[in-house]
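Q: show me how the following folds:
(one chain, ligands or ions: 2)
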Amino acid sequence: MPLQKPIVCVLGCGTMGVAIISEESAKKVKGVFGDKVTVLCGANLAAVREADVVLLCTKPQVAKHVLTEDGIYDALQNKLLISILAGLTIDQIKAWVPASTKIIRAMPNTPCMIRQGMTVLSCPSNVEEDEKAFAYWVFATLGRTKFLDEKHLDTVTGLSGSGPAFACVVLEALADGGVMMGLPRQAALELAAQALKGTAEMVLMTGLHPAAIKDSVTTPAGCTIAGLLTMEDGKIRSTLARAVEEAAKVASTLGKSQKK
Ligand SMILES: NC(=O)C1=CN([C@@H]2O[C@H](COP(=O)(O)OP(=O)(O)OC[C@H]3O[C@@H](n4cnc5c(N)ncnc54)[C@H](OP(=O)(O)O)[C@@H]3O)[C@@H](O)[C@H]2O)C=CC1
Ligand SMILES: O=C(O)[C@@H]1CCC=N1
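A: Ligands and ions are numbered 1, 2, ... in the order given. I've put the predicted structure just below:
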């Protein structure tokens, strides 16, 4: 497969398809991928026929419908299929595509829109190194990318896939606290977002444990410990951890109900 300059087609140009490939049009795609990828827009079958690599970005519930459309099976022969669908396993996809189709499962997240994404890739052993390298390159263009065993993908979905939504609830709540104490809304949001971003960068850049950073903020008899104890009273740790657990559990069910 000519992975040096593959033709990539995206099936499902919703929030994530567009986040991965472009903001809204093939013109913008060139800004994201340079001249290395050509994007075809149009009917699924025509696009898959022309493509070397198919990025599947529909909802999980319509995957079977899309992959078993007339002609798609033959069009997928010898191609690389990268699925970002939550809860849909490589084995499930294998049942609908030719044996010669290589499948990579990816779980990106919405900050891919601004190249600050987190993507986890899982590859079965029959995927060639250059195919793995291509998938890595695509998602590394859009943020941090790593490989993990497929058994972790539902948990990844509940953590980094859904995580931006959870982070936004935390961010909004922190800003609300500032507003409650008289800060203008816009300033409160900026302060909350930068505090979260800066702290997350500290963890990623220094490798420091979050507890060590928390302790360094917490002056004895100061104000931070007062806020921390209030958070602990509200069971914020188990609430957030359970949110990830619940999202991961639901993710594992999403590939199960397939639209005919
Ligand atoms: N949103 C997120 O943060 C993340 C989502 N994902 C996964 O990405 C996938 C897409 O999610 P998201 O982008 O949020 O969902 P969207 O609903 O925004 O996008 C799905 C897209 O698929 C299109 N579509 C529906 N049927 C077909 C079809 N038969 N052929 C081609 N395209 C079709 C829809 O078009 P129309 O609207 O016209 O029906 C829509 O544009 C999901 O599987 C999800 O699990 C993974 C990581 C993060
Ligand atoms: O909510 C969802 O199902 C998708 C998967 C991860 C983020 N959004």
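
Q: gap between residue 175 and residue 190?
A: Taken as CB to CB, to the nearest Å, the spacing of residue 175 relative to residue 190 amounts to 9 Å. (Each C-beta comes from the backbone N, C-alpha and C, glycine too.)

Q: OK, now which residue of the protein is nearest to ligand 2?
A: residue 161 (3.2 Å; CB to the nearest ligand atom).

Q: rewinding a little: residue 175 and residue 190: who's more crowded?
A: A side-by-side neighbour count of residue 175 and residue 190, using other CB atoms under 10 Å, places residue 175 first with 20 against 14.

Q: mind listing what that one touches?
A: If you count contacts by CB atoms under 8 Å, 6 or more residues apart in numbering, residue 175 has them with 185, 188-189, 191-192.

Q: make TSV out of those and add neighbour count and secondary structure.
A: What follows is the contacts of residue 175, written out as TSV (neighbours: other CB atoms under 10 Å; DSSP: H, G, I helix; E, B strand; the rest coil):
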residue	neighbour count	secondary structure
185	11	helix
188	20	helix
189	18	helix
191	14	helix
192	20	helix
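
Q: which residues of the stretch 101-250 of the chain lie near ligand 2?
A: Contact residues (CB under 6 Å from any ligand atom) of the stretch 101-250 of the chain with ligand 2: 157, 161-162.

Q: and with 8 Å instead?
A: Along the stretch 101-250 of the chain, the residues adjacent to ligand 2 under the rule CB under 8 Å from any ligand atom are 107, 109-110, 157-158, 161-162, 164-165, 247, 250.

Q: mind telling me the two of the residues you listed farthest from one another?
A: Farthest pair in these (CB to CB) is 110 and 250. Separation: 17.7 Å.

Q: mind telling me which residue of the stretch 151-260 of the chain is nearest ligand 1?
A: Proximity of the stretch 151-260 of the chain to ligand 1 (CB to the nearest ligand atom) peaks at residue 161, 4.4 Å away.

Q: am I right that that residue is in contact with residue 248?
A: No. At 9.2 Å, residue 161 does not count as touching residue 248 under the criterion of CB atoms under 8 Å.

Q: which of those two has more neighbours?
A: Summary of the neighbour comparison: residue 161 and residue 248, criterion other CB under 10 Å, with residue 161 having more neighbours (25 against 21).

Q: could I get the contacting residues of that one?
A: Contact partners of residue 161, counting by CB under 8 Å, 6+ apart, are 86, 107-109, 247, 251.

Q: for residue 51, see how far away it is.
A: With distances taken as CB to CB, residue 161 is found 25 Å from residue 51.

Q: so what pLDDT did residue 6 get?
A: Confidence at residue 6, expressed as pLDDT, is 84.

Q: chain neighbours aside, what residue packs nearest to it?
A: Ranked by CB to CB, 6 or more residues apart in numbering and with sequence neighbours excluded, the top spatial neighbour of residue 6 is residue 52, at 3.8 Å.

Q: can you turn the buried part of the residues of the stretch 101-250 of the chain next to ligand 2 into a PyMOL selection?
A: Buried residues within those, by 16 or more other CB atoms under 10 Å, are selected in PyMOL with:
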select buried, resi 107+109+110+157+158+161+162+164+247
